[in-house]
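K.L.:
have a look; sequence and predicted model below, questions after that.
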Amino acid sequence: AYFMCQVPYLICPIEYSAELERMTMSCEPSALFRPQEYGLPDTVTTWRRILGIKETVTFYPFFIHCFFMSLFASIIGPFGGFFASGFKRAFKIKDFGDLIPGHGGIMDRFDCQFLMATFVNVYIHSFINIP
């Protein structure tokens, strides 16, 4: 994620420039993709002195959002599969389809992704400032 935050192609939208008559990608990155300085909490003051760490740390705010999404994906994401299994058992269905033989169909492969897509949508609209 650190290297991706530094590549303009991944953080700037591609727009058509009528002046240059071509697609351009020059923009000022949003605050999510610019390093910011954060102060460490007072509870780590002793450890900070012992280890010789500065009072502040600098990183991209994007990393905070990555942390919470990965935490949700690893802890709550698998429950999408449990929910789909419970749904199938309630309706006495073995598989959602037979497109992929032996794997339960497309829906069985993507049940966790549907839960994650919903979470990411709610997270983006709730915590990330989108103009």
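P.N.:
Happy to help now that I have it.
K.L.:
mind listing the helices for the chain?
P.N.:
8-11, 45-51, 61-75, 79-90, 105-127 (DSSP state H).
K.L.:
which one of these lies closest to Phe33?
P.N.:
helix 8-11 (4.6 Å; CB to CB). Heads up, the C-betas are built off the backbone N, CA and C, glycines and all.
K.L.:
contacts for the closest one next, please.
P.N.:
Counting by CB atoms under 8 Å, 6 or more residues apart in numbering, helix 8-11 makes contact with 4-5, 25-27, 29-30, 33, all of which sit outside it.
K.L.:
and stretch 7-18, how far from the chain's centre?
P.N.:
The chain centre lies 21 Å from the centre of stretch 7-18; the measure is CA atoms, centre = their mean, to the nearest Å.
K.L.:
in it, what counts as buried?
P.N.:
Under the neighbour-count criterion of 16 or more other CB atoms under 10 Å, stretch 7-18 has 11-12 buried.
K.L.:
could I have the CA atoms of stretch 121-131 written out in PDB?
P.N.:
C-alpha atoms of stretch 121-131 as PDB (Å, rounded to 0.1, in the frame of the first residue of the first chain):
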ATOM      1  CA  ASN A 121     -19.700   0.600   0.600                       C
ATOM      2  CA  VAL A 122     -21.000   1.600   4.000                       C
ATOM      3  CA  TYR A 123     -17.500   2.300   5.300                       C
ATOM      4  CA  ILE A 124     -16.600   4.500   2.300                       C
ATOM      5  CA  HIS A 125     -19.800   6.500   2.600                       C
ATOM      6  CA  SER A 126     -19.600   6.800   6.400                       C
ATOM      7  CA  PHE A 127     -15.900   7.400   7.200                       C
ATOM      8  CA  ILE A 128     -14.200   8.600   4.000                       C
ATOM      9  CA  ASN A 129     -15.000  12.000   2.700                       C
ATOM     10  CA  ILE A 130     -16.100  11.700  -0.900                       C
ATOM     11  CA  PRO A 131     -17.000  14.900  -2.700                       C
END
